[in-house]
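Here's my sequence, what's the structure:
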Amino acid sequence: MLLVLPILYTCNACKKKEEAFDEKLAGIQFVQMPFEEVATGETLQIKVVMAASNECGDFNRFEENWPNDNTLEVKAYLRYPQEGVCPQVIKTVEKIYNFTPKAAGQYILKFYAGGPFLSKRVFVR
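Numbering: from 1, shown residues only. Now for the predicted structure:
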């Protein structure tokens with residue numbers, strides 16, 4: 001029994017504490033769509049490319065805003081660790097954004113680029 005307690009203590013001490021992160025809005029540099037027409041309910045996988053300000057930056061989330069029924073604004077957020085040393089090198093981050101339209105029509109997808117938006121048209125049949 002005495003041997004079990006030190007082993008349990010050692011295993012618990014090895015667990016990493018959760019890292020704290022800062023979240024920052026990223027300017028999207030490039031958007032690549034495999035095609036511009038899709039069926040209702042079909043998922044269009046869109047490659048989104050953004051730049052992290054250092055080597056530790058990583059994708060965190062997308063934020064969507066629908067200003068009207070056929071226009072979607074997409075913003076991307078990166079996360080950076082609050083502690084540690086990160087090489088000050090611009091890093092390219094790629095992520096797939098999934099767009100699944102629920103109704104037929106023409107959509108304008110606007111991706112935040114740090115100022116103006118990058119706009120893409122999608123036709124849904």
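
From now on I want contacts and neighbour counts done on CA atoms only, so please keep to that.
Fine.

For Y107, which residues are in contact?
If a contact means C-alpha atoms under 8 Å, 6 or more residues apart in numbering, then Y107 has 70-72, 121-124 as its contacts.

Could you confirm G114 falls within a strand?
No: when DSSP: H, G, I helix; E, B strand; the rest coil is applied, G114 is found to be coil, with no strand at that position.

Show the pLDDT at the nearest residue to it once chain neighbours are set aside.
Spatially, and ignoring its direct neighbours in sequence, G114 is nearest to G27 (4.3 Å; C-alpha to C-alpha, 6 or more residues apart in numbering). G27 is assigned a predicted lDDT (pLDDT) of 92.

ok, which stretches of this structure are strands?
Counting by DSSP state E, the chain forms strands over residues 21-26, 28-32, 37-38, 44-52, 58-68, 71-81, 91-99, 105-112, 117-124, given from the N-terminal end onward.

Which of the ones you listed has the lowest mean pLDDT?
When the strands of the chain are compared by mean pLDDT, strand 21-26 comes last with a mean of 90.

hmm, back to that, wait, isn't the residue nearest to G114 in contact with S53?
No: counting by C-alpha atoms under 8 Å, S53 is not a contact partner of G27; they are 10.6 Å apart.

Touching both of the two, which residues are there?
Residues touching both G27 and S53 (C-alpha under 8 Å, 6+ apart): there are none.

how close does A20 get to P81?
When C-alpha to C-alpha, to the nearest Å is the yardstick, A20 and P81 sit 6 Å from each other.

Of the two, which one has the most company?
Relative neighbour count places P81 above the other of A20 and P81, with 15 against 10, counting by other C-alpha atoms under 10 Å.

Make sure the more buried one is actually in contact with K24.
No: using C-alpha under 8 Å as the test, P81 is too far from K24 to be in contact (11.2 Å).

Across the sheet, point out what pairs with the residue sitting nearest the centre point of the chain.
With distances taken as C-alpha atoms, centre = their mean, the residue of the chain nearest its centroid is R61 (3.9 Å). The bridge-partner assignment for R61, based on DSSP bridges, gives Y77.
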